[in-house]
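Peer 1: kindly generate the corresponding structure for this input.
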Amino acid sequence: MKQQEKTRITQERILDAALKEFGTKSYEAASINTICSASHLSKGLIYHNFKNKDDLYLQCVRICYDGLLKYLKRGELNYQDSLAGLQTLLAQRRDFFREHPLYSNIFFNTILQPPAHLLAPIREIRKDYDDFLAASCRCIFAHLELRGGITTDIAVEYFMVFQEMFNGYFQGKLGESGDFSSLIQDHEGKLPQLLDLMLYGIAAQK
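Peer 2: Coordinates of the predicted model:
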């Protein structure tokens, strides 16, 4: 077996163990030692393939977002009904995370409790996903009769800002409950209703 193939197999073993570790814990709680034990590889070999814990975590984040984006791009949206289109987008995201529960934990950790020192690289990894979300919203809002003075671009910007504010609200609730899984369920449960309210604010009054 060529060295290149051996390296690829080793990295896959490490990443598989890392995805399980970061997919069940926060960044802070995850441990390189646990990843070593799970992959049956030495810490030295892990550091030979990945710079440090940050590098390994960001690789897992990238795998998560790449997988989610690929899944969402396969789906179809109802652009004629704005609320239904947004709800379908969210439903597709929920379906993906039901199929990949480890990715769910990684994804929601990046938006609800990201490591402060990794905000910039996480934002860069998120960019393609955020761009896809904005483009989907632009297509959806193009079929919506907007209030006077509200353009499609303004509506999309409002949606993206709303998303960050909504996530920020739940970041503030992290200290109230130690149950991260319940927080995610609350986040996803409230989102459709708040999207309805947001659309009512930008839709033309009948």
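
Peer 1: CA only for contacts and neighbour counts going forward, please
Peer 2: Noted.

Peer 1: got phi/psi on Asn52?
Peer 2: Per-residue torsions, Asn52: phi -170, psi -170 (degrees, to the nearest 10).

Peer 1: can you tell me how far it sits from Lys43?
Peer 2: Remark: distance between Asn52 and Lys43 (Cα to Cα, to the nearest Å) = 10 Å.

Peer 1: same question for Glu99.
Peer 2: Going from Glu99 to Lys43 by Cα to Cα gives 31 Å.

Peer 1: who's more crowded, those two?
Peer 2: Shown here are Glu99 and Lys43; by other Cα atoms under 10 Å, Lys43 has more neighbours (13 against 10).

Peer 1: dump the residue contacts of that one.
Peer 2: Taking Cα atoms under 8 Å, 6 or more residues apart in numbering, we find Lys43 in contact with 32-33, 36.

Peer 1: what's the closest of those to Ser136?
Peer 2: When the contacts of Lys43 are compared for distance to Ser136 (Cα to Cα), Ile32 wins out at 37.8 Å.

Peer 1: now the closest one: closest residue in space that isn't a chain neighbour?
Peer 2: Lys53 (6.7 Å; Cα to Cα, 6 or more residues apart in numbering).

Peer 1: the one you found - how many residues pack around it?
Peer 2: Neighbours of Lys53 under the rule other Cα under 10 Å: 16.

Peer 1: correct me, but it touches Thr34?
Peer 2: No: the criterion here is Cα atoms under 8 Å, and Lys53 misses it with Thr34 at 11.8 Å.

Peer 1: sketch out the low-pLDDT regions of the chain for me.
Peer 2: For the chain, residues meeting the criterion pLDDT under 70 lie at 77-81, 174-178, 200-206.

Peer 1: columns secondary structure on top of the contacts of Lys43, output as TSV?
Peer 2: Formatted as TSV, the contacts of Lys43 follow (DSSP: H, G, I helix; E, B strand; the rest coil):
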residue	secondary structure
Ile32	helix
Asn33	helix
Cys36	helix
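
Peer 1: next, format the residues you listed as TSV and append distance to Met165.
Peer 2: Shown next, in TSV, are the contacts of Lys43 (distance: Cα to Cα, whole Å):
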residue	distance to Met165
Ile32	33
Asn33	36
Cys36	38
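
Peer 1: from those residues, pick the one nearest Leu68.
Peer 2: Closest approach to Leu68 among the contacts of Lys43 (Cα to Cα): Ile32, at 25.1 Å.

Peer 1: report how many residues lie close to that closest one.
Peer 2: 17.

Peer 1: repeat that for His48.
Peer 2: 11.

Peer 1: helix or strand: which one has it?
Peer 2: Here His48 sits within helix 43-49, counting by DSSP states H and E.

Peer 1: and that helix, what's buried?
Peer 2: Within helix 43-49, the residues scored as buried using 16 or more other Cα atoms under 10 Å are Ile46.

Peer 1: what's the answer for stretch 131-140, then?
Peer 2: Applying a neighbour-count criterion of 16+ other Cα under 10 Å, one finds 133-134, 136-140 buried in stretch 131-140.
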